[in-house]
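Novice: any chance you can model this:
(one chain, ligands or ions: 1)
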Amino acid sequence: MTATLLNGNETRNALFEDLKARVAALPGPVGLATVLVGDDPGSRSYVKGKHRACEKVGIKSIRRDLPESITQAELEAVIDELNANPEVTAYIVQLPLPKHLNANAILERVDPAKDGDGLHPVNLGKLVLGEDAALPATPRGIVELLRRYDVPIAGANVTVVGRGVTVGRPIGLLLTRRSENATVTLCHTGTKDLAAEVRRADIVIAGAGSPGLITADMVKPGAAVVDVGITRTEAGLVGDVAPEVREVAGWLAPIPGGSGPMTVAMLLTNTVEAAERANAAV
Ligand SMILES: Nc1nc(=O)c2c([nH]1)NC[C@@H]1CN(c3ccc(C(=O)N[C@@H](CCC(=O)O)C(=O)O)cc3)C=[N+]21
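Specialist: The predicted structure is shown next:
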């Protein structure tokens, strides 16, 4: 058996069509800003991809490319400006930030109503409380991908590998909502027997950032496997899932071509929804 490809590029393109119509239906312009500090090539390429996506959907791009040497106070002033800027519907501060900056203080300063990532503490708190708010982009993209390919989620045993803030920690909050009803185990470096936890899963979400961590013998035949780990090497992007898993899994979202494009699609979805909320509030 070869796994069905959970195609993030195709799904992203379908979502873009829907977003284009929603942007056109809005009375005013929709703007997405990105804040990039320093010139890390990976971050640069992601930011470029996000702005290319904005073009496709009709969202106005606003860029704040800042020097690596920027001080905490200077960066906070940029955040305040974006919070007050009516042309900015939503924005993201590209992570990671240089070590000398206090990233959490910056992220908490973002206006929750303009949180493109869905990672602001207020929005993550609302997710726990079941209140409407921007949702964490990568986890939301993963759930949308599973749904689009009718991967059974209700009652499924899901094993998540990696407890990072952008995926591992929040994705269980989405998958255990009544609308998904999955049972989620969160594994990490402290987990005693990772192979056993992965082997019993109907859905595996691998976001440890550890190349080749998930091997074919660890995967239940027919399970859905979503690779979210991204390691940049000379050979290109490498995920956490070993290639031969394709022969055992029932569905596979690979790196590249799976959850990555979906992250961008959900960033733009959060932006359009912020505009729709603002529009409904007037
Ligand atoms: N505040 C913040 N929000 C983020 O959402 C955020 C971030 N910081 N820092 C970095 C990570 C990483 N990230 C990706 C975006 C697109 C792809 C993507 O489109 N990947 C393509 C390949 C693109 C390529 O070839 O470079 C794919 O997987 O097919 C992947 C990863 C968002 N991030």
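
Novice: over to G125. Which of the three states is it?
Specialist: With DSSP: H, G, I helix; E, B strand; the rest coil as the basis, G125 sits in helix.

Novice: count of neighbours near it?
Specialist: Burial of G125 is recorded as 12 neighbouring residues (other CB atoms under 10 Å). C-betas here are computed from N, CA, C, even on glycine.

Novice: residues in contact with it?
Specialist: G125 is in contact with no residue at all, counting by CB atoms under 8 Å, 6 or more residues apart in numbering.

Novice: distance check, it against A133.
Specialist: 8 Å (CB to CB, to the nearest Å).

Novice: same question, P261
Specialist: For P261, the distance to A133 - CB to CB - is 23 Å.

Novice: what does L5 give?
Specialist: Taking CB to CB, one finds L5 at 32 Å from A133.

Novice: in terms of packing, which of these two has more residues around it?
Specialist: A133 (20 against 16).

Novice: my read: that one touches P112, true?
Specialist: Yes. In this structure, A133 is within contact of P112 by CB atoms under 8 Å, at 7.2 Å.

Novice: overlap in contacts of the two?
Specialist: 122-123.

Novice: chain neighbours aside, what residue packs nearest to the residue of the chain at minimum distance from the ligand?
Specialist: Going by CB to the nearest ligand atom, the ligand is nearest to G260 of the chain, at 2.3 Å. Distances taken as CB to CB, 6 or more residues apart in numbering put G8 closest to G260, at 6.2 Å, once the chain neighbours are dropped.

Novice: where do the strands sit along the protein?
Specialist: For the chain, the strands defined by DSSP state E cover 4-5, 31-37, 60-66, 90-93, 157-161, 183-187, 203-206, 224-227, 231-233, 236-238, 251-253.

Novice: partners of the first one in the sheet?
Specialist: Spelled out, that is strand 4-5. Using DSSP bridges, strand 4-5 pairs in its sheet with strand 251-253 (parallel).

Novice: kindly report the residues of the stretch 151-282 of the chain close to the ligand.
Specialist: The stretch 151-282 of the chain has residues 230, 237, 255-257, 260-261, 263-264 near the ligand, with proximity defined as CB under 6 Å from any ligand atom.

Novice: export those to JSON lines and append columns for neighbour count, pLDDT and distance to G209.
Specialist: Shown next, in JSON lines, are these (neighbours: other CB atoms under 10 Å; pLDDT from 0 to 100; distance: CB to CB, whole Å):
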{"residue": "I230", "neighbour count": "18", "pLDDT": "92", "distance to G209": "7"}
{"residue": "L237", "neighbour count": "16", "pLDDT": "92", "distance to G209": "12"}
{"residue": "I255", "neighbour count": "22", "pLDDT": "96", "distance to G209": "11"}
{"residue": "P256", "neighbour count": "15", "pLDDT": "95", "distance to G209": "15"}
{"residue": "G257", "neighbour count": "19", "pLDDT": "97", "distance to G209": "18"}
{"residue": "G260", "neighbour count": "24", "pLDDT": "95", "distance to G209": "13"}
{"residue": "P261", "neighbour count": "23", "pLDDT": "97", "distance to G209": "19"}
{"residue": "T263", "neighbour count": "24", "pLDDT": "97", "distance to G209": "15"}
{"residue": "V264", "neighbour count": "22", "pLDDT": "97", "distance to G209": "19"}
